[in-house]
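>>> Structural data only, the sequence is not supplied:
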């Protein structure tokens, strides 16, 4: 009975050889320093990249709104002058068009999606470079 217990303890305590995964990583989920740096940078990119894209979009919407507002103001002033000279009025931007311009930006989840796509592209590119460098090194070691 004692030998069965020892064998069971031996099986539980010993590290079973896990098959190697992509890029030579084992499946025991230990993260080395480079992967940890990558995870931290990925999180920072998702927060910072999303914020950047969101701020850029809000800036674009604001400048569009201000340009339309200025155009509307110029049109109203011009129509006042035309009215006093008994000329036909020009068609101005309506208040509804101005409100629509104010809310014309896309939702923030679009910016999250854009940041995630760029992050995925970066990870794939880094993985390809990593595999290529290892392949080239292996070729020089054999020679």
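Received the coordinates, thanks. Here the structure is a predicted model, which is why all the values come from computation and not from measurement. Numbers count the residues shown, from 1 in each chain.

>>> sec struct for the residue nearest the centre of the chain, please.
The centroid of the chain falls nearest to residue 115 when counting by Cα atoms, centre = their mean (0.6 Å). Assigned by DSSP: H, G, I helix; E, B strand; the rest coil, the conformation of residue 115 is helix.

>>> and the longest helix for the protein?
Secondary structure of the chain read by DSSP state H shows that its longest helix is helix 33-84.

>>> What confidence value was assigned to the residue nearest to the centre of the chain?
pLDDT for residue 115: 92.

>>> May I ask you to confirm that it is in contact with residue 45?
Yes: taking Cβ atoms under 8 Å as the definition, residue 115 is a contact partner of residue 45 at 6.6 Å. All C-beta spots, glycine's among them, are computed from the backbone N, C-alpha and C.

>>> that older thread, show me what the longest helix of the chain is packed against.
Packing partners of helix 33-84 (3 or more Cβ pairs under 8 Å, 6 or more residues apart in numbering; DSSP states H and E): helix 95-102, helix 108-142.

>>> model confidence over that helix, on average?
89.

>>> Going forward, count from 27.
OK, 27 is where the count begins now, so the last one is helix 59-110.

>>> So what's the gap between that helix and the chain middle?
Put simply, helix 59-110 sits 17 Å off its chain's centre (Cα atoms, centre = their mean, to the nearest Å).

>>> what's the neighbour count on residue 134?
Residues near residue 134, counting by other Cβ atoms under 10 Å, number 14.

>>> wait, what's in contact with it?
Neighbouring residues of residue 134 by Cβ atoms under 8 Å, 6 or more residues apart in numbering: 76, 80.

>>> burial count for residue 156?
13.

>>> right, I mislabeled it, should have said residue 123
12.

>>> Do I have it right that it meets residue 97?
No: using Cβ under 8 Å, residue 123 is not in contact with residue 97, being 10.3 Å away.

>>> Enumerate every residue touching the residue found closest to residue 144 once you drop the neighbours it is linked to in the chain.
Spatial nearest neighbour of residue 144, excluding adjacent residues (Cβ to Cβ, 6 or more residues apart in numbering): residue 75 at 6.6 Å. The contact partners of residue 75, by Cβ under 8 Å, 6+ apart, come to 137, 140, 141, 144, 145.
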